[in-house]
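Colleague: Sequence and predicted model, in that order:
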Amino acid sequence: MIDIAKLRPILAGYRAYFPRHWEDEKYKWEAIQHFQKHWNIDATNFGEMFKEATDKTYNLLASGYAYPKAMIQNFAKADDEAVRQMFRDLYDESRELIVRVGEFQNAADSIRVNYNDGTWRNHYQNTNAISTYLWLMYPDKYYIYKYELFRDAAVELNSEYRPKKNGSVENMIGGYQMYDEICQAICEDESLVAMIHSAMNKHCYFDPKMKTATIDVGFYLSRFYLEEKKNAQEEEGWFPKDYNPGITVSEWVEMLKDSSVFTQNALQIMKRMKDYGGQATCTQLSTKYGATNNFYNAGSSALAQRVAEKTGCEVMTGDNGNARWWPILYMGRNAGANEAGAYIWRLRRELAKALEIVDLSDIPLYVDAAPAIWKISEGTDRTGISSTNKQIFLERQVVVVHSSTSAKATSKVSQGQSFMEAIKKGDYFYLCYGNSIQLLGQFNSEKPVENPEMKDGWYERSYHVIAKAIDTSSYNGTKKWWSPNDNSTCIKVDESEYAQFEKLILQPYFGMTVTDLLKGADEPRRYWWLTANPKIWSFADIKIGEEQSYTLYNENGNKRRVFQNFLDAKVGDIVIGYEANPVKKIVALCEITQANDGSNIYFAKTEGLSVPIEYAALKAYPELEKMEFFVQPNGSLFKLTKGEFEFIMDIIRENNPVNPVAASTTKYTKADFLSKVFMTEERYDVLEALLRNKMNIILQGAPGVGKTFAAKKLAYAMMGEADDSRIELVQFHQNYTYEDFIMGYRPDGAEFKLTDGIFYRFCQIAANHPDKEYFFIIDEINRGNMSKIFGELMMLIEKGYRGTKGTLAYSGMPFAVPENLYIIGMMNTADRSLAMIDYALRRRFSFFEMEPGFTSEGFQKYQNAFGNETFNALIDQIKVLNKEIAEDPSLGRGFRIGHSYFCGREENGCTTDWMRSVVEFDILPMLAEYWFDEPAKLRRWEKNLRGVFDDE
């Protein structure tokens, strides 16, 4: 019995669905009419008649990898009379249905075996196809049986009948009984029957018993009703549910391009909402991007009013009769206890899609406000950071705060959130340890990064020192949130309190005023070109963040050329790093860290270019012909105008792009790894320990164990985040060379040009971020000639030689493999064509065997989530198959079938078509190669694996 009460809303939904989908679904009724008109069991050519009679069935008898109609036609060409008799017997209503179906399948398999030309892998005459034949002939008695649709109906209607995933006739007959109950309810609904009949034309079967209508209702229930129900559950809590402005995606796109509707401020709000993930509170937007809460609140209301005026859309009103504007743009809900702000807005779907289409690259994401002033406290030794770590942080010039540091008082913006999101490059701060004031500094990093000493949620920002505290004794002055004697960690000093901040902190401890502190904030930044003579020193000798001095006077005591430039260079100025002959390329970016002290200026390397920019390329641009260095190249430090600098930076960034997603990566833990890579926790711990210990590892294993997938996820887990910008993947082959990998001469017009290889460039990128881990992944590592590819780097990749500079063969320049770079290789143990990896490289790598993960906890969870009987049966067969492969003396463990062939599917994607395709096009061809000389064993496993689907 079914739950009729649960059927009523389904039929109501079908009523609304039917008129909009009739044109797509009426082919079912037309298919019957066409079949009845053209069917003739005594036709001279049965195959041709069958083809014509089923011509309107379309996907009902051909979908995915199942081709029942095509196979019947093939069978008829081979034995027309045998196929004719199959259908005579099937349509003999004097006999039991269960017998007829079984005989039909047996007859089909006999024809397939007897006439197989090598391409007939399956007869495809499953219960779905046979029920379709029965429905076409007897549309007032039978339904089309499809497991997924009948299962969904049984579950939703609380039916005692539950189909099993075994394709048996008993399942089909039980489903018919359930559909009879649905059909009866449809027939009793006179308005529904009238609606269906009124839609029919002369080409449709009239369906007096409503059997085909029942099939269509079952289809609607499974494919539409349940999806709508799921969407409705997801919308729970969002307001308003009964209002929609009715604006299409294309209409939003047009308005986004209309400056009278979407002003510059409105576009900033939209870009920030989109960047935040499509939903946020005004407080969250204000904290991350700047501007006040009211900028987003009032700006959204004003925008919505302009949209209403432009489109004439309906406007929602509140209980007091006043217009509610924001629902035109957003859905909303109350913010949770741990969410900053009171109310969360979510972009309407159509508006969100339009924002994906429209180019907002010219719209500023962040507010370009004046530098802020912050108090940062690293606590006392007892409650905060240890003295040892504080000394390390001082030496590295970083301040460290835990990302989960709580909010002050009733504020919903936590101090950790302020440190992670609100601080921007150029902001000022003073640092204290408990009540002791230490120094005044200015942040020179755009984003916080994980602190390598403490990790576990501790993040750091780098800075340069402006002044050290005159007095480090305990502060006992007036208590403010931002004063040392308040228990606060990361607090912004409000502009309204600058005068008090100056009186309490700046003047007594640093001898300066707020004006002194901020006077450089509005001064334009300067830009410089610094030339290095690589025969004396090289930018490659300087590590990222390392401070380097440069004298104002040469070795003879004479002033450097263009001496005034050395005097004009100020803290924060940007430097283009150029190396003269024989390199003749821009190779680095730097920043002035200390102005001249009478004898030196100081700069730090901020980036090494993975793709250096050649002098000849720059010299060819007329826009740069008046550049000081090109006009008079004698000297070291040359001035660049803002336009010249931006022009050069455009060229640099075109060849050395900054990854735009690096700032928005998601966290990734060992638990995330284990949920995706089906391996035990103990094995993961061994794997990570091996790689950290040796820095180079090779994952070896059978096909499909997920070596490449695991390598990438291992990198994520060790990095602590899913950041693809820190991973490079290559595949070796027999023709791969040192020139591809490291460096070599390549054709450039009529000449040859020295070109950097992929590993060289990636090492440069990794060296730019010494505080982050980078991963170079090599697929099929043993397909290449290792000594030929690695060359002199064979030594430099060893852990003990990381960071040690060697001289490159082609350029003669120093080069080191960074200490933060890991190398992961992959080997397929089932490929008989591969040679063993050479010993010189083998001793530099650890080797880790990847095994099929079918018995792992992760795979079992993945498998159980499907609740799919066919999938379970298939995996059971693969486990047995792997045992036989492992015990086969000509194969062994390295030839087993891996689990990755069966991974990566969502619940709706675990279809019979997909599983059958894996078996037919992945597993069986591999077995044919394994057992090419054992045809009996191959046929047995073909039967075992295909047998999983024979009852479909």
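Modeller: Everything's here; your move.
Colleague: isn't Phe859 right next to Glu851, touching?
Modeller: No: under the criterion of C-beta atoms under 8 Å, Phe859 is not in contact with Glu851, lying 11.5 Å apart. In this view, the C-beta of every residue, glycine as well, is placed from N, C-alpha and C.
Colleague: which residues are in contact with both of these two?
Modeller: Here Phe859 and Glu851 share no contacting residue, scored by C-beta atoms under 8 Å, 6 or more residues apart in numbering.
Colleague: Identify each buried residue in stretch 750-764, please.
Modeller: Within stretch 750-764, the residues that qualify as buried by neighbour count (16 or more other C-beta atoms under 10 Å) are Thr755, Asp756, Gly757, Phe759, Tyr760, Arg761, Phe762, Cys763, Gln764.
Colleague: can you redo those residues as a markdown table with secondary structure and pLDDT?
Modeller: Output for those, formatted as a markdown table (DSSP: H, G, I helix; E, B strand; the rest coil; pLDDT from 0 to 100):
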| residue | secondary structure | pLDDT |
| --- | --- | --- |
| Thr755 | strand | 82 |
| Asp756 | strand | 84 |
| Gly757 | coil | 88 |
| Phe759 | helix | 92 |
| Tyr760 | helix | 90 |
| Arg761 | helix | 88 |
| Phe762 | helix | 91 |
| Cys763 | helix | 91 |
| Gln764 | helix | 86 |
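Colleague: In its sheet, which strands sit next to the longest strand along the chain, and in what direction?
Modeller: Counting by DSSP state E, the longest strand found in the chain is strand 600-614. Applying DSSP bridges to the sheet, strand 600-614 is found paired with strand 547-551 (antiparallel), strand 585-594 (antiparallel).
Colleague: among the ones you listed, which is nearest Lys209?
Modeller: Comparing the strands paired with strand 600-614 against Lys209 with C-beta to C-beta, the closest turns out to be strand 585-594 (78.5 Å).
Colleague: Tell me where the stretch 201-350 of the chain has strands.
Modeller: 279-280, 316-317, 323-324, 330-334, 343-347 (DSSP state E, counting those that start in this stretch).
Colleague: end to end, how far does stretch 443-450 reach?
Modeller: End-to-end span of stretch 443-450 (C-alpha to C-alpha, to the nearest Å): 16 Å.
Colleague: Other residues contacting that stretch?
Modeller: For stretch 443-450, the surrounding residues in contact (C-beta under 8 Å, 6+ apart) are 403, 419-420, 423-429, 458-464, 572, 591, 663, 720, 771-772.
Colleague: Now restrict those residues to buried residues only.
Modeller: 403, 419-420, 423-424, 426-429, 458-464, 572, 591, 720, 772.
Colleague: How confident was the prediction at the residue nearest in space to the middle of the chain?
Modeller: Note on the chain: the residue nearest the mean C-alpha position is Ala722, at 7.9 Å, using C-alpha atoms, centre = their mean. For Ala722, the pLDDT comes out at 90.
Colleague: could you give the mean pLDDT of whichever strand or helix holds Asp913?
Modeller: Secondary structure assigned from DSSP states H and E places Asp913 in helix 912-918. In this model, helix 912-918 has a mean pLDDT of 88.
Colleague: Using PDB, list the CA coordinates for it.
Modeller: Presented in PDB, the C-alpha positions along helix 912-918 are these (Å, rounded to 0.1, in the frame of the first residue of the first chain):
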ATOM      1  CA  THR A 912      24.400   1.900 -14.300                       C
ATOM      2  CA  ASP A 913      25.600   3.400 -17.500                       C
ATOM      3  CA  TRP A 914      28.600   4.800 -15.700                       C
ATOM      4  CA  MET A 915      29.400   1.500 -13.900                       C
ATOM      5  CA  ARG A 916      29.000  -0.400 -17.100                       C
ATOM      6  CA  SER A 917      31.300   1.900 -19.000                       C
ATOM      7  CA  VAL A 918      34.000   1.500 -16.400                       C
END
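Colleague: Give the buried residues for that helix.
Modeller: Thr912, Met915, Arg916, Val918.
Colleague: Give me the helices and strands touching it, please.
Modeller: helix 869-887 (3 or more C-beta pairs under 8 Å, 6 or more residues apart in numbering; DSSP states H and E).
Colleague: Show me what the helix it packs on packs onto, helices and strands only.
Modeller: Using 3+ C-beta pairs under 8 Å, 6+ apart as the contact test, the elements touching helix 869-887 are helix 857-866, helix 912-918, helix 935-947.
Colleague: Pull the number of nearby residues for the closest residue to Thr855 other than its chain neighbours.
Modeller: Leaving aside its sequence neighbours, Thr855 sits nearest to Lys879 (C-beta to C-beta, 6 or more residues apart in numbering; 7.8 Å). Using other C-beta atoms under 10 Å, Lys879 is surrounded by 14 other residues.
Colleague: from what I can see Lys879 touches Phe859, true?
Modeller: No: using C-beta under 8 Å, Lys879 is not in contact with Phe859; the gap is 10.9 Å.
Colleague: so Tyr17 makes contact with Phe219?
Modeller: No: the criterion here is C-beta under 8 Å, and Tyr17 misses it with Phe219 at 10.0 Å.
Colleague: buried set for stretch 227-247?
Modeller: Asn244, Pro245, Ile247.
Colleague: who's in contact with the first one?
Modeller: The reference is to Asn244. Counting by C-beta under 8 Å, 6+ apart, Asn244 has contacts Arg348.
Colleague: Give me the distance between it and Thr132.
Modeller: According to C-beta to C-beta, to the nearest Å, Asn244 and Thr132 sit 40 Å apart.
Colleague: Over to the second one?
Modeller: From Pro245 over to Thr132 the distance is 45 Å, taken as C-beta to C-beta.
Colleague: Output stretch 691-707 in CSV with nothing but the alpha carbons.
Modeller: Below are the C-alpha coordinates for stretch 691-707, written out as CSV (Å, rounded to 0.1, in the frame of the first residue of the first chain):
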residue,chain,number,x,y,z
LEU,A,691,58.4,13.0,2.4
ARG,A,692,59.3,15.5,5.2
ASN,A,693,62.3,13.5,6.1
LYS,A,694,63.7,13.1,2.6
MET,A,695,61.8,15.9,0.7
ASN,A,696,61.6,13.6,-2.3
ILE,A,697,59.3,10.6,-2.6
ILE,A,698,58.0,8.2,-5.3
LEU,A,699,54.5,6.8,-5.1
GLN,A,700,54.4,3.4,-6.8
GLY,A,701,51.4,1.1,-7.4
ALA,A,702,49.0,-0.6,-9.6
PRO,A,703,46.8,1.3,-12.1
GLY,A,704,43.9,3.2,-10.6
VAL,A,705,45.2,3.3,-7.0
GLY,A,706,45.0,7.1,-7.3
LYS,A,707,48.7,8.0,-7.2
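Colleague: That one - what's its average pLDDT?
Modeller: 88.
Colleague: hmm, back to that, now for the buried residues of helix 912-918, which pair is the farthest apart?
Modeller: Of all pairs drawn from the buried residues of helix 912-918, the one with the longest distance (C-beta to C-beta) is Thr912 and Val918, at 10.8 Å.
Colleague: for the nearest residue to Gln177 once chain neighbours are set aside, what are its contacts?
Modeller: Leaving out its chain neighbours, the residue that sits closest to Gln177 by C-beta to C-beta, 6+ apart is Tyr161, at 6.8 Å. Shown in contact with Tyr161 (C-beta under 8 Å, 6+ apart): Ala154, Gly174, Gly175, Gln177, Met178.
Colleague: again with Pro371
Modeller: Lys424, Gly426, Asp427, Tyr428, Gln442, Leu518, Ala521.
Colleague: cool, and Gln700?
Modeller: Gln700 neighbours (C-beta under 8 Å, 6+ apart): Lys707, Met826, Met827, Asn828, Thr829, Phe847, Phe848, Glu849, Met850, Gly894.
Colleague: Which of the residues you listed fall in strands?
Modeller: Met826, Met827, Asn828, Phe847, Phe848, Glu849, Met850.
Colleague: Can you report how many residues neighbour the third one?
Modeller: Using other C-beta under 10 Å, Asn828 is surrounded by 20 other residues.
Colleague: Could you export the contacts of Gln700 as a markdown table, including distance to Ile470?
Modeller: Formatted as a markdown table, those follow (distance: C-beta to C-beta, whole Å):
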| residue | distance to Ile470 |
| --- | --- |
| Lys707 | 60 |
| Met826 | 59 |
| Met827 | 63 |
| Asn828 | 67 |
| Thr829 | 68 |
| Phe847 | 59 |
| Phe848 | 57 |
| Glu849 | 63 |
| Met850 | 61 |
| Gly894 | 70 |
